Structure formats: C-alpha cells, structure tokens
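J.: With the sequence up front, the predicted model follows.
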Amino acid sequence: MSALYARLLGRMPIGWLQLVHNKGRFAAALAGVAFANILVFVQLGVLGALTTSTVQPYSIFKGDIMISSADSNTLSDGGNVARHYLLRALSVPGVTGGTPVFIGKVDWQVNERRSTVLQALALPTDAVEFITPHLRSQFLRLALPDTALIDRGTRGGTPELFDAISPTTPVIYEFNNRRVTFIGTMQIGAAFSSDGNVLMSDQSFLDFFANRSSTAPNRLLLSVADGASAARTVNLLRQILPVDTLHIRSLADTMAADTRYQTTERPVGVIFGLGTFVGILVGLVIVYQVLSTDVADHLKEYATFKAMGYGQPFFLGIIFEEALILAVLGFIPGALVSTGIYQLLVAKSGLAINMTVARAIVVFLGTLAACSISGAVATRRLAHADPADLF
Amino acid sequence: MSSSSPIIVKGLNHWFGRDEARKQVIFDVSLEIARGSLTVMMGPSGSGKTTVLTLMGCLRDVQEGSVRLLAQELFGANESRMVALRRRIGVIFQAHNLHESLSAIQNVRMGLEVHGRGNIVQQDQAAAHMLKLMGLGERINYLPSKLSGGQKQRVAVARALVHNPEIIFADEPTAALDKESGVTVVKMLKKLGQNRGTTTVMITHDNRILELADRIITLEEGAIVKDEMV
Ligand SMILES: Nc1ncnc2c1ncn2[C@@H]1O[C@H](COP(=O)(O)OP(=O)(O)O)[C@@H](O)[C@H]1O
Ligand SMILES: [Mg+2]
C-alpha cells in the first residue's frame, strides 16, 4: 500500500511515513479533523433542515404571486391582508385568478401524552387550481365542514395512525375544543415553529378561529396568464396597491425571502451559521497545530535535506501531502459519524436532516481547503531550517 | 594547480553578529584544492574550520571574497545556483541528522531522489549497495532508533556518498564513529578520490586519519597558519 502510494507520488511518501511514525499524534489529528467535520456537518444539517422546513409548506400552493402584509417575514407571521385588494389585483392585465389564504396555529392532542402545534392552511374549495395538483382531489373533499388533511410528517404521529385515516375511515379529533375530522393525509413535514401542518377549507378555518373574519385573510395568492411575466405583473400590481403596507412578490421571491430571514435573522439560523464557522476554525487550528509541530520537530532533518539540494517545493510537497492525508482520512469517519447523528436527529426532531452528496462534497472540499491553508501557514516555519545552523 | 580545481577560495572574510556584536571570524583565507585529493583541516576549537567548510559547501552565503566551487562563483549566487551545486556535493555532519521515520535505506535513497535519476528499484539497489559497503547490509530496513550511534553515522555517510558527489565535505565525521569504522570510512573516501577523482575536505583531529591525508591545512583565529602537503 505504501509502495503503491510512493509510486503515485513519484517520490518517497515522507509525509505519510512521518504521520504514521508518531501514531498517537496521527490519531489525535484524525480525531480532530473528524470532530471538526462532525461540527460542520451537524450545523449544516440543521441549517439545511431550517431551509427545507421553511419552504415545505409552500409546496401545497400552486400560484405565481403572493401578497402579504409588509410586516410579515415568514408564512406564519405578520398582519392580515384586506380581501378587497384581491378585486383590484384581478383588474391588472395578466392576472388570471386569485384566492385568499388563511393561516393560523391549532393545538392537536395526538394522544394522551403528546400535544402538538399545527400550522393550519386554508383556501376556499372553489380555489382548487391554487392547490398543488396531487392534492386537488383530496382538497375538494374538504368542502365538508370541519374536515382536514393532516400532515404525515407531524411530530409524534406514527405511520399506523396516519395509515388509518382515509375518506372512508375518517378519524375524529379536536382542534381548539372543536371536533375536526381527518379525511386524508398529505406529506409536508415538521418545522422549527410548528410540529406539522393541516389543510382545510376557508369555511372550516373560520369555524375553528372564531375571531377571524373572511374579509381579512393572511395572504393573497395570484396566478398569471401563461406566458405573462410574473415580474412584470408584480410591477403592475405595485403601481395600484399600497406598497408601504403590502409585500407584493412572486411566490419564488417570497420563499427566498422567508428562507433568508430564517437563516440570517432568526437566532436559530444565526447560531447554527456561527457554529459552522466555529467548526471550520477548530479544524484549521487542529491541523495547523499538528503540521507546525511536525515541522518544528524535524527542523534539523529538513535543514539536512536542504543541504543535500532539496528546494522549497519539496518541503511544501511534504506538508501538503500530510494536509491531504489528514483531510481525507479525517473526513471519512467524520462523514460516517455525522450520518449517524443525522439519523438520530431525524428520529428525535422529525426535521428533514439528510446527508446529501452535495453537502458531503462541499464539506470535503472545505476540509481540503482548510487543511491546505493550515499546511501553507505551517510551512512558513520551514524558512528557519537553515543548513548552516546544523553545525 | 589550475583553474579547473574544484575549489578555489580567494580573500575570504566572514563576520558573525550584527552592529555592536559584529565580529570577524575569518580573515583573508585563500586556498585551492586539487581534484581527487584528501585535504584535512585542523586547528583549535573556534578557529573557524566549520565556518570555512560551510562557506565552501554552499551552506552559508559568502559575505566577502570569492569561493569558486566546481567552476561556479558562490559570492552573490542565487538560491537556484546554490541548490544545483548542493546536489553535486556530499556533506557529512557531526550529527547524523537521519530522518526518524525513514528506514536506513530510505534515508540513503533521499540522497538519490533529489536528482530524480533512475527508478525506485534502481535507487534501492544503489542505496542497499552503499549500506553494504558501510557494513550495514543486514540492517538496511532498520529505523534510526534501532541503530547504534556509530551505525547511524555510517548511514549518514552512505547518504552523502550514494549519489557519487564530486566533492565531499565532512565536519568531524569520525567523532561519532568508533576508531575502526572511522578509518574504514576515510580509506573509502581516499579510494574514491583515486578511482573517481572525488575531492574530500575533512575537519578532524584523528591522528590515524592525518596519516591518510594528502594535505593538511591548519587554521588559527580565522586564518591559515600552516598548509603542508604530505
Ligand atoms: N552562528 C554563529 N554565530 C556567531 N558566531 C559564530 C557562529 N558560528 C561560529 N561562530 C564563531 O565563529 C568562530 C569560528 O567558529 P567555527 O567555525 O565553528 O570554529 P571551529 O569549527 O574551528 O571550532 C568562533 O569564534 C565561533 O564562536
Ligand atoms: Mg567546528
């Protein structure tokens, strides 16, 4: 194995030999790199879940433009939007249709031990074209009063519980002390701010939320004509609607703004973003420490090599070889342990935390970069290896 | 002697320290060393022997005067010329300076890899051969930590000789060697001089080695006080 590697390298694998010569330090270095990797993976996993869980509820909508109140940052916050703006919006060329969207929080007692908070999403049943196609037939059944589709991703729910629910075998629970009948399920997923989602008609919604009025929904969702530009239509809408009290954006822009807010302005996003940075820093410091100690311990030998006619590229080669080995061999256990931690987190939180190939590649490249930077800094000490000092 | 001599030193002066502490240690040293000869430098401790050797061996920058090594001027030489010249010489230090994580044969091969000549198998053969000559044929795969002081020094000698250098500089190499192998090594160097024209400059006080020298240069307080052919 060593011989094959030497052949690949075209020279003696001094970096490798040096690393394995001091087994304790090598193991500590690998553990350090793996640890830094785990830190970064977990942070990125949570950040990823934050992003995913933020945009997941939007997946039930089929529309082009969303109007929300100017003080809203996410789907679940902000004031109401007067329904009469919908009539004005429909007069804008290119707008082909629109619907109010009602959003609120309901408590759901899954069983004696588990109580959850669900995000309730509601549209009029005649606005079925604003529901994502695969939910449309189920959505039409919600015209029955006080019925709902429950999110299979809801925390605390079990597959058996959800499998039992169907139009022919509805299951009855309570929302806000009022009977609700689950007549079907959908897949959205839990988030940081809610345990799951529930979809219903606007009529049912108003039954559960006695203090809400049909004239003041939370959002307006519009569709534009095929071939019409959402951006141009947004501009037209901004000319006739009050832009100081309303956000008028394409649905994609709304989702992007929501994600940006969650990941950069809310504590969860900031803490985990910072954590990623700390993880990278830990990795940098550990690898630098190992490589620079290694250089310091071998200054006399390096000076001897210099006296024999080895130039700076040779020494850089050794240090980068070591950096590369630490990066690769540290990444493997780091990624494996992180995958395990992800599974644990999924089981505990119901959040969508997955080891994706893209993330693994990003973290690996980041590890390579961090190790190379550490190596480059560590080689500065090599300048002190002066052959004349050997005598 | 001629201008083709491998080492020609003229008016060499050298200082250590800066400003107030600046002190001259080498005073107007000039010498010319013939190809294939074995020259011994002697003199009391602190007389400047090592300093002159390192200046001739491309291990220190020449401050004043001229050192022509293998027909190349070292005064004002850039790093790449120094690196190129270092590859054509062999240096044996007082300390062995073997790399702890490399076996004896790997350490010796380092003397060959720097030239990039031959493949790994050929380099291994040459290194093993050199170690056998040094009486270490049985120990080529030992790490330095498993070798005695004298054995390590012999590995260092093998490393300095394996690439057939044109000049060998040695600073009290026999200090770490037992008497017997010290003489053996110097006899080998002398034979290399006769067969291949390898030039050797060695600092030593060992009387038995003085007997083998072609020329003995004595330094005192940074200047040559005696220079005799034997
Ligand atoms: N790196 C150095 N810095 C300052 N002074 C030095 C240094 N190396 C040697 N010297 C001084 O230069 C003089 C000659 O030293 P050196 O060449 O080592 O003598 P020798 O090898 O004959 O014992 C001594 O006075 C020594 O103290
Ligand atoms: Mg000395």
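T.: Cool, got the structure. Residues are numbered from 1 along each chain as shown, chains lettered A, B, ... in the order given. Ligands and ions are numbered 1, 2, ... in the order given.

J.: The lowest-mean-pLDDT helix or strand in chain B packs against which elements?
T.: Least confident helix or strand, chain B: helix B:179-196 with a mean of 84, by mean pLDDT, DSSP states H and E. Contact here means 3 or more Cβ pairs under 8 Å, 6 or more residues apart in numbering or on different chains; DSSP states H and E; on that basis helix B:179-196 packs against strand B:38-42, helix B:149-161, strand B:167-171, strand B:199-203, helix B:207-210. (Each C-beta comes from the backbone N, C-alpha and C, glycine too.)

J.: nearest to residue B:95, of the ones you listed?
T.: Shortest distance between residue B:95 and the helices and strands packed on helix B:179-196, using Cβ to Cβ, is found for helix B:149-161: 8.4 Å.

J.: now that closest one: how far from the chain's centre is it?
T.: Centroid separation between helix B:149-161 and its chain, computed with Cα atoms, centre = their mean, to the nearest Å, is 12 Å.

J.: Let me see the residues that make contact with that helix.
T.: Helix B:149-161 has contacts (Cβ atoms under 8 Å, 6 or more residues apart in numbering or on different chains) with A:308, B:90-93, B:96-98, B:104, B:107-108, B:110-111, B:127, B:130-131, B:133-136, B:139, B:144, B:147, B:168, B:170, B:173, B:176-178, B:181, B:185, B:188-189, B:192.

J.: at 7 Å instead, please
T.: For helix B:149-161, the surrounding residues in contact (Cβ atoms under 7 Å, 6 or more residues apart in numbering or on different chains) are B:90-93, B:96-98, B:104, B:107-108, B:110-111, B:130-131, B:134-136, B:139, B:144, B:147, B:168, B:173, B:176-178, B:181, B:185.

J.: buried ones in it?
T.: For helix B:149-161, a neighbour-count test (16 or more other Cβ atoms under 10 Å in any protein chain shown) marks B:150-161 as buried.

J.: For chain B, what lies in contact range of chain A?
T.: Applying Cβ under 7 Å from any Cβ of the partner chain, we find that chain B lies next to chain A at B:50, B:54, B:59-60, B:83, B:86-87, B:91, B:93-94, B:97, B:99-102, B:106, B:109-111, B:113-114, B:120, B:171.

J.: Drop anything exposed from these.
T.: Buried members of the residues of chain B next to chain A, counted by 16+ other Cβ under 10 Å: B:50, B:54, B:59-60, B:83, B:86-87, B:91, B:93-94, B:97, B:99, B:101-102, B:106, B:109-111, B:113-114, B:120, B:171.

J.: sorry, back to before: turn the helices and strands packed on helix B:179-196 into TSV, columns for mean pLDDT and distance to residue A:293.
T.: Shown next, in TSV, are the helices and strands packed on helix B:179-196 (pLDDT from 0 to 100; distance: least, Cβ to Cβ, whole Å):
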stretch	mean pLDDT	distance to residue A:293
strand B:38-42	96	38
helix B:149-161	91	24
strand B:167-171	94	29
strand B:199-203	95	34
helix B:207-210	86	40
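
J.: Between those, which one is closest to residue A:144.
T.: helix B:149-161 (90.3 Å).

J.: residues of the least confident helix or strand of chain B that come out buried?
T.: B:181-186, B:189-190, B:192-193.

J.: any chance of the residues you listed in a markdown table, with distance to residue A:287 too?
T.: A markdown table is the format used below for the buried residues of helix B:179-196 (distance: Cβ to Cβ, whole Å):
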| residue | distance to residue A:287 |
| --- | --- |
| B:181 | 43 |
| B:182 | 44 |
| B:183 | 49 |
| B:184 | 46 |
| B:185 | 42 |
| B:186 | 46 |
| B:189 | 44 |
| B:190 | 50 |
| B:192 | 45 |
| B:193 | 49 |
